[in-house]
Every structure is written in C-alpha cells, then in structure tokens.
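Chemist: Provided below are the primary sequence and the corresponding predicted coordinates.
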Amino acid sequence: MQDEPTPIELTKAVADFLRNDITPLISGHQAFKLRVAINILDLVTRQLIREDEGDAREVERLRVLLGIEGSVTELNRALAGRIAKGEVDLATPGLAEHLWATTMDKLAVDQPNYASYKRELSRDS
Amino acid sequence: MIEAELSRSVRRWCPGATGVTGAAKLSGGASQETWRFDILHPNGPIGAILRRSPKGYGAAPTRAAGLGAEAQLMQLAYEGGVPSPRVMHVLTPEDDLGTGFIMQRVEGETIARKILRDDEYAAARPILARQIGGILAGLHRLPKDKLPELRSRGATQEISEFERDYRSLDWPKPVFELALRWLRDHDPGPSAETTLVHGDFRNGNLIIGADGVRAVLDWELAHLGDPMEDLGWVCVNSWRFGEIDKPVGGFGSREELFAGYEAAGRKVDVARVKFWEVMGTLRWGIMCGGMMQRFREGPDHSMERAMIGRRASETEIDLLRLLAPRGS
C-alpha cells in the first residue's frame, strides 16, 4: 500500500496550479498548449476516480453476455470478435444496453462536455 | 526567407507585380504548408495563398490526390461556378519553392465554432444548409473528362479499407465492430452514377462570409465515387460542433440540404446518404485511433495528438445514436 496523498489528489493539485497560477502568465500558442495539458490532467483525474468501478461493472456485464471469465481487455476482445463473426448482434439481449452503458462510462472520462453525451445523460436522469 | 523566392516568382507570371510582402505561415505539417502573403502591385496589393510541399517532400500520402491535382480541381471548380479561389500559378522548378500552387486569397472565416456562434454570420447560418446542397450539386456536375487523374472508390472498397485500417490498430472496439457489420449489411454497392467526390466537404473546410459560402477548400481527398458520400460526410456529428440537432454542419436540416441539391437538378438517395454518414462517423473514429498510434510511435509526440485518441469515444456514442438509438 502506497502512502498518501492519492494519485487523484496529486494530479488535481498540479492541474489546479497550472489553471490558476500559470494560465494568467501565458499567451498565444503556448496558452493553447497549456489548455491541452490541463485538459489531459483533468481527464486523468476523472479516470482515476471512475475507472475501477466502471471496469468492474463492465466486466460483470460482459461475463453475463459472453458466459466466460477474463480481464476487461480480454472480454472486450472476445466481444469484438463475436460481433465481427456475426455471433452477437443488436438482436442479442443485453448487447445494446451493454454498449450504451460502456460508452457512457467512457464519455464521462474522455469528453463529458460532448453534446451527444450530455443529451443522452439527460435521458438517463 | 520565403519572400525572396515568392518575389522572384510573382514577377515572372503576374504582370506589373513588383514583389511580395507580409508572408506568414498559416499551417504546416512536415510535408505540406499554407502561407498567406500580398503581391505588391501598382493597382494595389493582391491577397494570395501559397499551398506547397517544401523541397524534398514530394511524396503524398496514399489517399491524397496531390497538390497538382488539387490546383486543377480548384481551377475547374472556379470555372464551373463552385465557390473557389482562382488558382493564379502552379509552381515550377524555377520558382525554387517546392511543389504546389498559388491562389487568390478569399476573405472570410473557416473556424467552425466562430461560424456557428459569432453574430457576423447570424444572417448566413439559416441559408447555409440549402446553399451547401446547391454547391455540392455543382461540384458533382463538374465535367469528368477535364478532371485530373484520381483514385476511384466505391462503398465496398471503402468498408474493406477502413476495416483494414481498424484491424491494424489492434484496438478492439465492440462499437466499431458493430458499425463495420452494419456497413457490410447495408452496403449499397456501386452507385448508378460515378462523379467527382470532394471527400472532405464539411464545416471547417469552407470559407464563410456574412453572405454565405465563399470558397470550398481542402480538395486533397478528392476522388471518383458515389456523390452521396459528400452529402453523408457533411452530416457527420463531429462536424456539427455541438449543434447536434442541425445535421448539416450545425447549420440546418437534411431536408434543406436535399432541397438545395435537388433544386439544382440532381437526385438524392436518402438511404445512401445515411450509409455514408455512418461510414463517415466510423472513418473519423478510426482516424482518431491512427493519430494515437502516430503519437505512440513518434515522431509527433505532442499532447494534442495524444488527446485525439481520446476523441474516438465521441464517434462511438454517435454510432450508437445512429445504429441503436434509445427511446426518444
């Protein structure tokens, strides 16, 4: 077990420093690069917060859907292969729900401001 | 400095020109650059754009038509009434500027978000979807016997090509697999008619003014194929920049696009347009993966390129919205 602060807390501290203290000092192309850097750190923070639970739910859905055990990567590879072979499709019970849930979890980390995601999120609530 | 070569060049082919001023690089990768400059002329300065591959960068990527073809297409478009800059000069070895061409500079905006949000374009926005329909109809009618040599691509070949690109990434994505299956199941086969296809006609590649579309840019992916491909690509959600209820570039409806196209005397095949919209969404997703791969393998180890890999999921949600929509 590693000591604290946690990676989430550390990453967030760096992102906040760049956002609050460095952003006002920089302009032009470097300011654009700085914004990208802050976006990356924010994404990493979101992933660190959400990944374990999201992956656990994804593995559980995949185990039910595929009837096999494996890591989240192995199970995704297996599902991709079955869809490619036509063994699983949108008529398969649970597939559409699984793909939607997985994709929503990804967007929550990758691009929570993406308009399609916000639209679908409002449908869930 | 590039101004010395440009000055020598313009004096040769632009009668009365005395030199150039204000050369500034607008964009540039390793193999292709865009510069703006003004030609000094007794009647007043002439705004110009240079598109070139610098010396030593002759080879174009396999899908690209090449700058020579791009110049010919823009000239043909200009002559055919498609909004386009006039090509002023195709570079020759004695210009000592590499390969490429010089065109007249068209004033206006290309940044999609500004076009969609700024007051300056408020009057233009409602007319753009229909106007784009008319422009695409004109583009698809350009005389085939005058076109430069272009690759020819139909739906079936494109599916295979994107599948190969996707598999080479070794990036198992169930949603992309689903899209590939859907595309194979809905492959419309060869189109009844083969025309010039722009290949990257979208918000971001158009110069827009307060009066509407002033120029169509970025012809490098032009090819021969199904004209409906351009109508599908312009509707891909990634090019709506947040205005997701206005499929045509965030400007307006498919109905307006189709009406503009048909008013110009050409037929729309709605099912084919949908096919190409799905294809286009997947295409952008796979391109995001390709950029991630180039980030990993270098030489471009930039943060921007890395982050584009994390935009593939945008195309996954858009593919699901197209192929497995949830209740409204």
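Modeler: Good, I have the coordinates.
Chemist: determine the longest helix present in the chain.
Modeler: Because you didn't say which chain, this covers chain A. Across chain A, the helix with the greatest residue count (assigned by DSSP state H) is helix A:28-66.
Chemist: should've been chain B
Modeler: Per DSSP H, chain B has its longest helix at helix B:270-297.
Chemist: which parts of it are buried?
Modeler: Taking 16 or more other Cβ atoms under 10 Å in any protein chain shown as the neighbour-count basis, helix B:270-297 is seen to contain the buried residues B:272-292, B:294-295. Any C-beta I mention is one placed from the backbone N, CA and C, and that applies to glycine too.
Chemist: elements contacting it?
Modeler: Identification of packing neighbours for helix B:270-297 by 3 or more Cβ pairs under 8 Å, 6 or more residues apart in numbering or on different chains; DSSP states H and E yields helix B:155-168, helix B:174-185, helix B:228-233, helix B:303-309, helix B:312-323.
Chemist: nearest spatial neighbour of residue 13, skipping sequence neighbours?
Modeler: Using chain A here. Residue nearest to A:Ala13 in three dimensions, not counting chain neighbours: A:Pro5, with 7.6 Å by Cβ to Cβ, 6 or more residues apart in numbering or on different chains.
Chemist: look at chain B instead
Modeler: B:His89 (5.0 Å).
Chemist: what does B:Asn237 give?
Modeler: Counting by Cβ to Cβ, 6+ apart, B:Asn237 lies nearest to B:Asp318, which is 4.3 Å off, once chain neighbours are set aside.
Chemist: what of B:Arg321?
Modeler: Spatial nearest neighbour of B:Arg321, chain neighbours left out: A:Ser116 (6.0 Å); criterion: Cβ to Cβ, 6+ apart.
Chemist: which ones are touching that neighbour?
Modeler: In this structure, A:Ser116 makes contact with B:Asn237, B:Ile244, B:Glu314, B:Ile317, B:Asp318, B:Arg321, judged by Cβ atoms under 8 Å, 6 or more residues apart in numbering or on different chains.
Chemist: count the neighbours of the first one for me.
Modeler: Counted by other Cβ atoms under 10 Å in any protein chain shown, the residues lying close to B:Asn237 total 25.
Chemist: same question, the third one
Modeler: Here the number of neighbours of B:Glu314 (other Cβ under 10 Å) works out to 24.
Chemist: now swap in A:Val109 and tell me
Modeler: Summarising burial for A:Val109: neighbours were counted as other Cβ under 10 Å, giving 20.
Chemist: can you pull the contacts of it?
Modeler: The neighbours of A:Val109, taking Cβ under 8 Å, 6+ apart as the test, are A:Leu43, A:Arg46, A:Gln47, A:Arg50, A:Glu51, A:Gly54.
Chemist: secondary structure class for it?
Modeler: Secondary structure for A:Val109, judged by DSSP: H, G, I helix; E, B strand; the rest coil, is helix.
Chemist: could you check the pLDDT of it?
Modeler: A:Val109 is assigned a pLDDT of 98 by the prediction.
Chemist: just B:Leu221 next, same as before
Modeler: pLDDT, the model's per-residue confidence, is 92 for B:Leu221.
Chemist: now it: closest residue in space that isn't a chain neighbour?
Modeler: Nearest-residue entry for B:Leu221: B:Gly199, 3.2 Å, with adjacent residues in sequence omitted and distances by Cβ to Cβ, 6+ apart.
Chemist: and that neighbour, how close does it get to B:Trp239?
Modeler: B:Gly199 sits 13 Å away from B:Trp239, taking Cβ to Cβ, to the nearest Å as the criterion.
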